[in-house]
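Novice: Okay, sequence plus prediction incoming.
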Amino acid sequence: MKLLGLSGSVTVSSKTWSAIHLAVEAAGQSAPQWETEVVHLGDYDTVLCDGRNPSDYVGETKELIDKVEEADALIIGTPVYRASLTGALKNLFDLIPNDSLKGKAIGFIATGGSYHHYLVIDHQLVPLAHYFRAHVVPGGVYAHNEHFSNKKLTAPDVRERLIKLGESVVELSSRLEHRPLETSQPSISR
């Protein structure tokens, strides 16, 4: 089984990256048989989605699409800019095939400057996951500037919630593997 941590930040020293890394590390410790990887979108030279078939992309864009498709579960995080996810992360959601997250467990993390945007997980990320028919792990984690010191996460309660999120993602994914829950788009009759 493969867990992909995905940081929607493009900055080098990212609070989002450190939060995702902690959650993925906890997941790996709770399920050592799992392969884990953390991807930083800033490390990839991706093109903007232009509507072509996802299999027609090449280079690092195709490599990133493949990583998402090959993952059995994901922990996805984003810094909050203008009350929403980053453009880089939104672009990745636009690039991947519609069925690439179907039936997969996903945990969400968001970071921001203050408490003002703590609902971005519920208002922006969860609806995207539902569109892709993924299973969202309850208890997404939002961390803001006061939870960090020198770009290191120092708030014990937030650290504990990130650890629990990581563990919960692999637990849900393992349960889904043994008893998959089918989700489908409603049909529209006219």
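Specialist: All right, it came through fine.
Novice: Let's see the pLDDT reported for the residue nearest in space to the middle of the chain.
Specialist: The residue lying closest to the centre of the chain (CA atoms, centre = their mean) is Ile76, at 1.3 Å. As predicted, Ile76 sits at a pLDDT of 98.
Novice: Please give me every residue in contact with it.
Specialist: 5-6, 8, 20, 89, 106-109, 125 (CB atoms under 8 Å, 6 or more residues apart in numbering). From N, CA and C alone the C-beta is placed, and that goes for glycine too.
Novice: Which element, helix or strand, includes it?
Specialist: Per DSSP states H and E, Ile76 falls inside strand 73-79.
Novice: the strands in this protein, which residues?
Specialist: 2-7, 35-40, 73-79, 105-112, 135-136, 141-144, 148-149, 152-153 (DSSP state E).
Novice: Could I get the full set of helices for this structure?
Specialist: 15-30, 59-70, 87-95, 120, 126-131, 156-178 (DSSP state H).
Novice: follow-up on the earlier one: quick one: strands adjacent to the strand holding Ile76?
Specialist: Strand 73-79 pairs in its sheet with strand 2-7 (parallel), strand 105-112 (parallel), by DSSP bridges.
Novice: I'd like the average pLDDT over the first one.
Specialist: Predicted confidence along strand 2-7 averages 98 (mean pLDDT).
Novice: What of stretch 79-87?
Specialist: Averaged over stretch 79-87, pLDDT sits at 93.
Novice: got the buried residues for that stretch?
Specialist: Buried positions in stretch 79-87, judged by neighbour count with 16 or more other CB atoms under 10 Å: 79-80, 84-86.
Novice: next one: stretch 88-106
Specialist: Result for stretch 88-106 [16+ other CB under 10 Å]: buried residues 88-93, 95-96, 100-101, 103-106.
Novice: before we move on, back to that, gap between the strand holding Ile76 and the chain center?
Specialist: Centroid separation for strand 73-79 versus its chain: 2 Å, with CA atoms, centre = their mean, to the nearest Å.
Novice: Stretch 5-20 now?
Specialist: 11 Å.
Novice: C-alpha coordinates for that stretch, CSV please?
Specialist: Extracted as CSV, the C-alpha positions of stretch 5-20 are listed here (Å, rounded to 0.1, in the frame of the first residue of the first chain):
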residue,chain,number,x,y,z
GLY,A,5,1.6,13.2,1.2
LEU,A,6,1.0,16.2,-1.1
SER,A,7,2.0,19.7,-0.2
GLY,A,8,0.2,22.4,-2.2
SER,A,9,2.7,25.0,-1.1
VAL,A,10,5.3,26.1,-3.7
THR,A,11,7.6,27.8,-1.2
VAL,A,12,10.8,26.2,0.0
SER,A,13,10.4,26.5,3.7
SER,A,14,6.8,25.7,4.1
LYS,A,15,4.7,25.3,7.3
THR,A,16,2.3,23.2,5.3
TRP,A,17,5.2,20.9,4.3
SER,A,18,6.2,20.3,7.9
ALA,A,19,2.6,19.6,9.0
ILE,A,20,2.2,17.1,6.2
